[in-house]
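Asks: Below are the sequence and a predicted model for it; my questions follow.
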Number of protein chains: 2
Amino acid sequence: MGNSLVAFSKEHKELLEEHLKASVQTLNAPQIIKDSMLYSLEAGGKRIRPLLLFATLKAFGENTQKGLFTASAIEMLHTYSLIHDDLPSMDNDDLRRGMPTNHKVFGDAFAILAGDALLTYSFQLVTHTPSDLATAETKVKLIEELAKAAGAEGMVGGQVADINGEGKKLTIEELEYIHIHKTGKLLVFSVVAGAILANANHEKMELLASFANHLGLAFQIRDDILDLEGSEEKIGKRVGSDETNQKSTYPSLLTMEGAKLALNTQITKAKQALKETGLDTELLEEITDLVASRDH
Amino acid sequence: MGNSLVAFSKEHKELLEEHLKASVQTLNAPQIIKDSMLYSLEAGGKRIRPLLLFATLKAFGENTQKGLFTASAIEMLHTYSLIHDDLPSMDNDDLRRGMPTNHKVFGDAFAILAGDALLTYSFQLVTHTPSDLATAETKVKLIEELAKAAGAEGMVGGQVADINGEGKKLTIEELEYIHIHKTGKLLVFSVVAGAILANANHEKMELLASFANHLGLAFQIRDDILDLEGSEEKIGKRVGSDETNQKSTYPSLLTMEGAKLALNTQITKAKQALKETGLDTELLEEITDLVASRDH
């Protein structure tokens, strides 16, 4: 990680995590649901989505404070998706980042409800952005795009396709559909949200969306590679679990060499799109390098 | 039902149901998730929430078309809550309105995801209200209030309290907390949304919220009474199921006579609040009478 990204990342991660915590703690709600929401919000993670939003605002020379409420909204929405995905009737995972999953601690009912509450709260948080930092028009645009990225046409659609594809050998197109929707759409929104908050024009918005789309695919390919070549300690789950679960992955469809080539192609395309924006994209480039080389 | 309500209800129910159907059918999403969403949306129901919204707009002399997107949003959000509540890890219900529940038809995973997609889409739908019918400020206000009514401080909080209270003898205050949150908040929002769309002043907004709060409690008390005195055929579930499940109800806490008295008190208070608004509340009064006397 470059020096500029290290400092930027640390500062904004702290800002975000305080905001997430305070947002839940101030809720006038039964303690158990707040505990369940906070448990998964505080389970760590790379906070890559909020970081992308903040770094995009920085690329436009904007005050990153503008994005705090939307960044928290994105992280809450991402966290809801993990909680629901881990449920016994979905992926049935007992561990997430080396810790017991939400339903193992709070039971299935409160896990479902904590996910529902986080998803709902994420839309509310966008509306709470102070009015001197975002107009009502901006908030409506953010909410519309966030819902689209998260719903049946986005993340939920990707999860549906993922479940439908279980135990089948997928084509590369089917695998990409899953990734573009299940994880890609919210990554793209994280970057696009920065552009919306910065009042970017259509061309810059499209280039940034294209950047994020390639970055998202790179992220997934790297994930599949790590599942085979990574260190269990670092990735927090058993190496080779995709193979055991007969999951179609980039290495299984393209060979390991092909997957690494595909990773490089996505990284190159991501950086090309960034360059074409003409913005000050140093931090976004560093994040891209990080995704290409991450070991967990 | 009075003649004016019969015609108003029929016309707006048709309008709403067409809009719900078209909104889902046009989604660019896997067919199975659209089928699962539509199955529960089309399972019928009284559409009391959208009707309250339309009738409130009418009380202000407003074009009811203003409320169509928000009405669909409310019905989708209500439907998501039914799908998740029926899940095996929640209330574990096999039947809803005499039909198999969503997870009995589509399985638990797609039921959870259909609920997630409906919840998410409801916020998106509010943003789709044509700009000549609602300003961006109005949409932001609607989304904020909808999220508050639905989330940890509202409906989800009520469901949490309901689960926590299972098998315990509750106080009347605890029972009211559950109802005010689990079903009351969304009913109140349905009326308040009409007031927001009509640019009502603070005083009218408060009176209408008070009306809806009393109406919501009346609705629940009537529900509890019907569970003991109703006809199985009409209510679509087994009579006495609350007793079998050791659920605290108004009749069990107040006796049947006390429950009927409480129902009358809530209806009187609801009508009093309506009267104080000085609006043309004929339809809202008829809905109130309907709630007081409904047999299913």
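Replies: Yes, it's here. Residues are numbered from 1 along each chain as shown, chains lettered A, B, ... in the order given.
Asks: Helices of the stretch 151-296 of chain A, residue ranges please.
Replies: A:155-164, A:172-179, A:185-197, A:202-229, A:232-235, A:241-244, A:250-277, A:282-293 (DSSP state H, counting those that start in this stretch).
Asks: List the buried residues of the second one.
Replies: If I follow you right, that is helix A:172-179. By 16 or more other Cβ atoms under 10 Å in any protein chain shown, the buried positions in helix A:172-179 come out as A:174, A:175, A:176, A:177, A:178, A:179. For glycine as for every other residue, the C-beta is placed from the backbone atoms N, C-alpha and C.
Asks: any chance of those residues in TSV, plus distance to residue A:47 and pLDDT?
Replies: TSV is the format used below for the buried residues of helix A:172-179 (distance: Cβ to Cβ, whole Å; pLDDT from 0 to 100):
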residue	distance to residue A:47	pLDDT
A:174	30	96
A:175	26	95
A:176	25	95
A:177	26	97
A:178	23	97
A:179	20	95
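Asks: From the residues you listed, pick the one nearest chain B.
Replies: residue A:177 (9.3 Å; Cβ to the nearest Cβ).
Asks: that older thread, so which of the helices of the stretch 151-296 of chain A comes closest to chain B?
Replies: Closest among these, once you apply Cβ to the nearest Cβ, is helix A:155-164, at 4.5 Å.
Asks: So residue A:106 is in contact with residue A:34, correct?
Replies: No. Residue A:106 lies out of contact with residue A:34 (Cβ atoms under 8 Å); the separation is 11.2 Å.
Asks: returning to that earlier point: would you tell me which one of the helices of the stretch 151-296 of chain A is buried the most?
Replies: helix A:185-197 (a mean of 26; mean count of other Cβ atoms under 10 Å in any protein chain shown).
Asks: Now do it: which elements does it pack against?
Replies: helix A:48-59, helix A:68-86, helix A:136-150, helix A:155-164, helix A:202-229 (3 or more Cβ pairs under 8 Å, 6 or more residues apart in numbering or on different chains; DSSP states H and E).
Asks: With mean pLDDT and distance to residue B:8 as added columns, please give these in a markdown table.
Replies: A markdown table is the format used below for these (pLDDT from 0 to 100; distance: least, Cβ to Cβ, whole Å):
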| stretch | mean pLDDT | distance to residue B:8 |
| --- | --- | --- |
| helix A:48-59 | 98 | 45 |
| helix A:68-86 | 98 | 38 |
| helix A:136-150 | 98 | 30 |
| helix A:155-164 | 97 | 35 |
| helix A:202-229 | 95 | 43 |
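Asks: Tell me which of the ones you listed sits nearest to residue B:240.
Replies: For residue B:240, the closest of those is helix A:68-86, at 34.3 Å, according to Cβ to Cβ.
Asks: As PDB, could you dump the C-alpha coordinates of the closest one?
Replies: C-alpha atoms of helix A:68-86 as PDB (Å, rounded to 0.1, in the frame of the first residue of the first chain):
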ATOM      1  CA  LEU A  68     -19.900   9.800   5.200                       C
ATOM      2  CA  PHE A  69     -23.700   8.900   5.400                       C
ATOM      3  CA  THR A  70     -23.700   7.200   2.000                       C
ATOM      4  CA  ALA A  71     -20.500   5.300   2.900                       C
ATOM      5  CA  SER A  72     -22.200   4.000   6.100                       C
ATOM      6  CA  ALA A  73     -25.300   3.100   4.100                       C
ATOM      7  CA  ILE A  74     -23.200   1.000   1.700                       C
ATOM      8  CA  GLU A  75     -21.300  -0.800   4.500                       C
ATOM      9  CA  MET A  76     -24.600  -1.500   6.300                       C
ATOM     10  CA  LEU A  77     -26.100  -2.800   3.000                       C
ATOM     11  CA  HIS A  78     -23.100  -5.000   2.300                       C
ATOM     12  CA  THR A  79     -23.200  -6.300   5.900                       C
ATOM     13  CA  TYR A  80     -26.900  -7.200   5.600                       C
ATOM     14  CA  SER A  81     -26.000  -9.200   2.400                       C
ATOM     15  CA  LEU A  82     -23.300 -11.200   4.300                       C
ATOM     16  CA  ILE A  83     -25.700 -12.000   7.200                       C
ATOM     17  CA  HIS A  84     -28.400 -13.300   4.900                       C
ATOM     18  CA  ASP A  85     -26.000 -15.100   2.600                       C
ATOM     19  CA  ASP A  86     -24.500 -17.000   5.600                       C
END
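Asks: Just give me the closest of the buried residues of helix A:172-179 to residue A:256.
Replies: Nearest to residue A:256 among the buried residues of helix A:172-179, counting by Cβ to Cβ, is residue A:175 at 15.3 Å.
Asks: Surely that closest one and residue A:251 touch.
Replies: No. Contact criterion Cβ under 8 Å: residue A:175 and residue A:251 do not qualify, at 11.2 Å.
Asks: list the contacts for residue A:144?
Replies: Going by Cβ atoms under 8 Å, 6 or more residues apart in numbering or on different chains, residue A:144 touches B:124, B:127, B:128.
Asks: For it, give its distance to residue A:182.
Replies: From residue A:144 across to residue A:182, the span is 20 Å (Cβ to Cβ, to the nearest Å).
Asks: Kindly report the same for residue A:257.
Replies: For residue A:257, the distance to residue A:182 - Cβ to Cβ - is 25 Å.
Asks: Retrieve the pLDDT associated with residue A:250.
Replies: In this model, residue A:250 is scored at 95, pLDDT.
Asks: so residue A:137 touches residue B:136, yeah?
Replies: Yes. Using Cβ under 8 Å, residue A:137 is in contact with residue B:136, at 4.5 Å.
Asks: Can you give me the end-to-end span of stretch A:164-175?
Replies: With Cα to Cα, to the nearest Å as the measure, stretch A:164-175 spans 11 Å from end to end.
Asks: What residues does the stretch 1-150 of chain A have near chain B?
Replies: Residues of the stretch 1-150 of chain A that fall close to chain B, judged by Cβ under 8 Å from any Cβ of the partner chain: A:27-30, A:32-34, A:37, A:80, A:84, A:87, A:89-90, A:107-110, A:112-113, A:115-117, A:119-121, A:123-124, A:126-128, A:135-137, A:139-140, A:143-144, A:147-148, A:150.
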